[in-house]
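> sequence unknown, structure follows:
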């Protein structure tokens, strides 16, 4: 495939870090909108500045394509369409679903989850402490805490059966780690996940006792005049697995590493735990949730920073770069757990801002609070530079975090 000379490769993250790639600093200064060669061989326009990324997320001319429809293929080669996830819904359909679902994910409606998350976190720490006492006095914070907690929270909140994880997790991980898989393998995982969600919802339709979100949404579909249909509940399950599982594990692991390598800031947070909300937003800004995987497609010709974008071109706002833009954040490469205001774009912006943002904030806050309450003297048990990394997906994270207390 031939590409013009001005196409750059997507900047790579330095090994042993979560990013963002240092190369974005130069792009923000010199090429804020630049055509890049993506890992799958397609090209797209990288958007690295904060204001431009924020505007792109909210621009109605830029829409997120169906996973089954991008890159576009036509004729006999075109795959069957998949149901849109909440990220991919457009127009009136998206507005109807968002009107119904967004209030369910507000801070007040999520209050019921706080004691449950706290209890789950406490149980995992108890088990970790017991295991350390039986061993050498150290533990792996990833395997014992950061890895299992997000899935348990997701299952408890949505109504996904934890015992089915061997069925749905391989499909979810295939979708999130799409590099190295063929498009056919990725789509097979997506269709399998939709089939699983469809079967689960059939079971929940027969058993409506409970206050999880699948049952709440199914009840809403049965309400006269409801704007929600059964397929939207299937899409909800797929969306939560794709957006609320591995990203939370990897962000939590990275956030805990950042705290453990900034012991003075961690100590101040432990002494003033009322600052946890501000600290969580800074961790969301500082630790990249995504580096360059937000594909939007232009529905008409437009101009961004002097670059002519044609209808059908991919446009890729990069939150990890936008959140380090010195035009938007003072001293952006410095962690400041008291930073305020902090209008980061870790959850996107505009109509497609992440529905589960409040749940993610709550989960991360409780994860840190419970850890500091139970183990106030926790510290890394090895030098930070010797920690092994999982670099198998764009969402890089420490593979292990050996700690003692």
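That came through, no problem. Everything numeric in this text was worked out from a predicted model, so none of it was measured.

> how near is residue 354 to residue 127?
In this structure, residue 354 lies at 30 Å from residue 127, with Cβ to Cβ, to the nearest Å as the measure. Yep, even glycine has a C-beta here, placed from its N, CA and C like the rest.

> The spatially closest residue to residue 112 that is not a sequence neighbour in helix, strand or coil?
Residue nearest to residue 112 in three dimensions, not counting chain neighbours: residue 211, with 6.9 Å by Cβ to Cβ, 6 or more residues apart in numbering. When states are read from DSSP: H, G, I helix; E, B strand; the rest coil, the local structure at residue 211 comes out as coil.

> Mind pulling the model confidence for residue 211?
You'll see residue 211 listed with a pLDDT of 78.

> surely it meets residue 110?
No: with the criterion set as Cβ atoms under 8 Å, residue 211 and residue 110 do not qualify as a contacting pair; they are 11.8 Å apart.

> neighbours around the residue nearest to residue 112, how many?
Residue crowding around residue 211 was assessed by other Cβ atoms under 10 Å; the count is 9.

> And stretch 259-268, end to end?
Start to finish, the residues bounding stretch 259-268 are 11 Å apart (Cα to Cα, to the nearest Å).

> How far off centre is it?
The chain centre lies 24 Å from the centre of stretch 259-268; the measure is Cα atoms, centre = their mean, to the nearest Å.

> residues of that stretch that come out buried?
Neighbour counts over stretch 259-268 (16 or more other Cβ atoms under 10 Å) mark 259-260, 262, 265-266 as buried.

> got CSV for those, with pLDDT, secondary structure and distance to residue 59 too?
Compiled in CSV, the buried residues of stretch 259-268 are given as follows (pLDDT from 0 to 100; DSSP: H, G, I helix; E, B strand; the rest coil; distance: Cβ to Cβ, whole Å):
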residue, pLDDT, secondary structure, distance to residue 59
259, 98, helix, 35
260, 98, helix, 39
262, 97, coil, 36
265, 96, helix, 36
266, 96, helix, 39
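
> Closest one of those to residue 246?
Looking at those and their distance to residue 246, the nearest is residue 259, at 20.5 Å (Cβ to Cβ).

> Now do that closest one against residue 396, distance only.
17 Å.

> before we move on, what about residue 264?
25 Å.

> Could you do residue 389 as well?
Note on residue 389: its distance to residue 396, by Cβ to Cβ, is 6 Å.

> likewise residue 246?
Using Cβ to Cβ, one gets 12 Å for the distance from residue 246 to residue 396.

> next one: stretch 216-234 to chain centre, how far?
Once both centres are worked out by Cα atoms, centre = their mean, stretch 216-234 turns out to sit 25 Å from its chain's centre.

> Could you pull out the buried residues of stretch 146-163?
Of the residues in stretch 146-163, those scored as buried under the neighbour-count criterion (16+ other Cβ under 10 Å) are 146-160.

> Residue 354 and residue 127: which has the busier surroundings?
residue 354 (20 against 14).

> thought the more buried one was touching residue 344?
No: in this structure, residue 354 sits apart from residue 344 without contact. The criterion is Cβ under 8 Å, and the distance is 11.8 Å.

> what's the neighbour count on the residue nearest to residue 362 when sequence neighbours are not counted?
Residue nearest to residue 362 in three dimensions, not counting chain neighbours: residue 110, with 6.0 Å by Cβ to Cβ, 6+ apart. The tally of other residues near residue 110 (other Cβ under 10 Å) stands at 18.

> tell me the secondary structure for residue 110?
The three-state assignment at residue 110 reads helix, by three-state DSSP.

> Could you identify the helix or strand that succeeds the helix or strand bottoming out on mean pLDDT in the chain?
For the chain, counting by mean pLDDT, DSSP states H and E, helix 91-101 ranks last in confidence among helices and strands (a mean of 82). Along the chain past helix 91-101, the next helix or strand (assigned with DSSP states H and E) turns out to be helix 114-134.
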